[in-house]
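**Q** Sequence and computational prediction follow.
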Amino acid sequence: MNVNESAKMKQILQTMGYEIIEDIDDSDLVFLNTCTVREGAAVKVYGKLGDLKRLKEEKNGKMIIGVTGCLAQEVRDEFIKKTPYVDLVLGNQNIGRIPDIIERIEKGEDVHVVMVEDEDELPQRVDADFGDDIVASISITYGCNNYCTFCIVPYVRGMERSVPLHEIVKDVKKYTEKGYREILFLGQNVNSYGSDLADDTDNFAKLLRESAKIEGDFWIKYVSPHPKDFTDEVIEAIADNSKIARMLHLPLQSGSTKILNAMNRGYTKEEFITLAKKIKEKIPDIGLTTDIIVGFPGETEEDFQDTMDVVNEVGFENAFMFMYSKRSGTPAATMEEQVDEQVKSERLQQLMRLQNYKAKEESQKYLGKTVKVLVEGPSRKNPEMLTGRTSTHKIVLFKSPGTDLKGKFVNTKIYEAKTWTLYGELEE
């Protein structure tokens, strides 16, 4: 989401005549687009602002500093009180007003601008500049209605609002015509898309089907769906359309029904396993990935073993695994039975060992197969090799033929499969 919003700000600023530069010391204007999902993000932001303060002083104040994103949305007026050298603080809904605000600051009409509103409407539609990237992202929803007890997002992003379906399809057409090969749909819970729209047939399954009808050689990816809202209609839409990528990120968070209930996730261990198996049965070439939190308040050894059971049974190609950390402002932060940090660390190590084993096991299914790969460019470690990703988002390395293939789809036969990386040969 932040990458998408940064691309929009980049487009706005370049339209105003600003140029993106590599050396921050030469900058006239700096925006920090912030995240607030984890507590540590705020510490990093204030540390970076301290660096910018010193740089602004060296420039005799001739530098505009702006803060946007979720931390700005959460802290609001407090930003100016804590960091009076910051010129503007913008909430997520107000990116489109950047030109007007900067003009007022440059003219001296305003010294500080704080424009943060409760997020209850759709933000202004703004074009984005993804540079020479091959991926274009489109926000299909804003906000979240789920209120997981460990998450701050609904409190800073507001309730869920869906972008009208025809506007999203129009954006897909626009970006594919510009040559982008991957369209990434963004939302806190993409498969509840449309639940707030007047036409109740405008749902996520319909959005996938309508987008897949657009002409061109591209595929569609999306993050992140919620297990409790994953319908058979969505599964069928994916299975029926090869343009819809076979990467499916399905956040588990915990394998314990007791902990899932404490997290307010809305499903049980058994329901998650049943869903994962159904998806794999209906879409055999799917690649499942997930998110897992260990050490959530009240998690016992038995609860943790439930998580290990799910990981062992489902078979994820990749997993983003974290120790639970308190996030002030969320219900989980004040729950009793907080788990000891050493216990969290030990459980995380156990989980990582199991997941690494399962990931390597999952990789073996690619051996000997010819897979479609979207080329990203030369490998950073070996420029003689090209790197790309499969429809399931697996990294593939293969020898460069000496021609520029970035942004092109190629067929690659896999001859070696490691835990995270596949190695293949380019096929004509």
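**A** That came through fine. Residues are numbered from 1 along each chain as shown.

**Q** Against C144, how distant is N411?
**A** With distances taken as C-beta to C-beta, to the nearest Å, N411 is found 39 Å from C144. Bear in mind the C-beta positions are built from the backbone N, C-alpha and C, glycine included.

**Q** between these two, who's got more neighbours?
**A** C144 (21 against 13; other C-beta atoms under 10 Å).

**Q** how about that one, what does it touch?
**A** 151, 153-154, 157, 159-160, 188-189 (C-beta atoms under 8 Å, 6 or more residues apart in numbering).

**Q** Quickly note the distance from it to S195.
**A** 12 Å.

**Q** any common contacting residues for the two?
**A** E160.

**Q** which other residues reach stretch 1-21?
**A** Taking C-beta under 8 Å, 6+ apart as the rule, stretch 1-21 contacts 27-29, 31, 33-35, 68-69, 92, 95-96, 98-99, 102, 126-131, 137-139, 186.

**Q** just how off-centre is it within its chain?
**A** 18 Å (C-alpha atoms, centre = their mean, to the nearest Å).

**Q** before we move on, what about stretch 37-47?
**A** With C-alpha atoms, centre = their mean, you get 18 Å for stretch 37-47.

**Q** Residues contacting it, please?
**A** 32, 34-36, 67, 70-71, 75, 82-83, 151-153, 325-328.

**Q** And stretch 245-258, end to end?
**A** End-to-end span of stretch 245-258 (C-alpha to C-alpha, to the nearest Å): 33 Å.

**Q** all numbers from here: first residue = 47
**A** All right, first residue 47 from here; so that's stretch 291-304.

**Q** Do I have it right that Y268 meets N235?
**A** No. Counting by C-beta atoms under 8 Å, N235 is not a contact partner of Y268; they are 10.7 Å apart.

**Q** who's more crowded, the two?
**A** A count of neighbours by other C-beta under 10 Å puts Y268 above the other of Y268 and N235, at 27 against 20.

**Q** Chain neighbours aside, what residue packs nearest to that one?
**A** F231 (3.9 Å; C-beta to C-beta, 6 or more residues apart in numbering).

**Q** pull the CA atoms of the helix or strand that neighbour falls within into PDB?
**A** Per DSSP states H and E: F231 is located in strand 228-232. Only the C-alpha atoms of strand 228-232 are listed here, as PDB (Å, rounded to 0.1, in the frame of the first residue of the first chain):
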ATOM      1  CA  GLU A 228       1.900  -7.500 -13.600                       C
ATOM      2  CA  ILE A 229      -1.100  -5.900 -12.000                       C
ATOM      3  CA  LEU A 230      -1.200  -6.000  -8.200                       C
ATOM      4  CA  PHE A 231      -4.500  -5.500  -6.500                       C
ATOM      5  CA  LEU A 232      -4.100  -4.000  -3.000                       C
END
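
**Q** now the helix or strand that it is followed by, how far from the chain's geometric center?
**A** Counting by DSSP H and E, the element after strand 228-232 in chain order, helix or strand, is helix 250-258. Mean C-alpha position of helix 250-258 versus that of the full chain (C-alpha atoms, centre = their mean) differs by 20 Å.

**Q** Next secondary structure after helix 250-258?
**A** strand 265-269.

**Q** relative to strand 228-232, how tilted is that following strand?
**A** Relative orientation of strand 265-269 and strand 228-232, computed by axes from the mean of the first three to the mean of the last three C-alpha atoms, to 10 degrees: 20 degrees.

**Q** buried ones in the helix or strand that comes right after strand 265-269?
**A** Following strand 265-269 in sequence order, the next helix or strand is helix 278-286 (DSSP H and E). For helix 278-286, a neighbour-count test (16 or more other C-beta atoms under 10 Å) marks 280-281, 283-285 as buried.

**Q** Kindly report the same for stretch 261-279.
**A** Quick answer for stretch 261-279 (16+ other C-beta under 10 Å): 264-276.

**Q** Just flag the most distant two among those.
**A** Largest separation among the buried residues of stretch 261-279 by C-beta to C-beta: F264 and K274, giving 29.5 Å.

**Q** and D331, backbone torsions?
**A** phi -90, psi 20 (degrees, to the nearest 10).

**Q** how about it, what does it touch?
**A** Contacts of D331 by C-beta under 8 Å, 6+ apart are 292, 437-438.

**Q** Now, of the residues you listed, which are buried?
**A** 292, 437-438.

**Q** circling back: give me the sheet partners of the strand holding F231 and which way each runs.
**A** As defined by DSSP bridges, the strand partners of strand 228-232 come to strand 181-185 (parallel), strand 265-269 (parallel).

**Q** Point out where the stretch 47-196 of the chain drops to low pLDDT.
**A** Low-confidence segments of the stretch 47-196 of the chain, defined by pLDDT under 70, span residues 85, 157, 161-167, 169-170.

**Q** Roughly how far does F455 sit from D331?
**A** In terms of C-beta to C-beta, F455 sits 16 Å off from D331.

**Q** is it true that A322 lies in a strand?
**A** No. Counting by DSSP: H, G, I helix; E, B strand; the rest coil, A322 is not found in a strand; it is helix.
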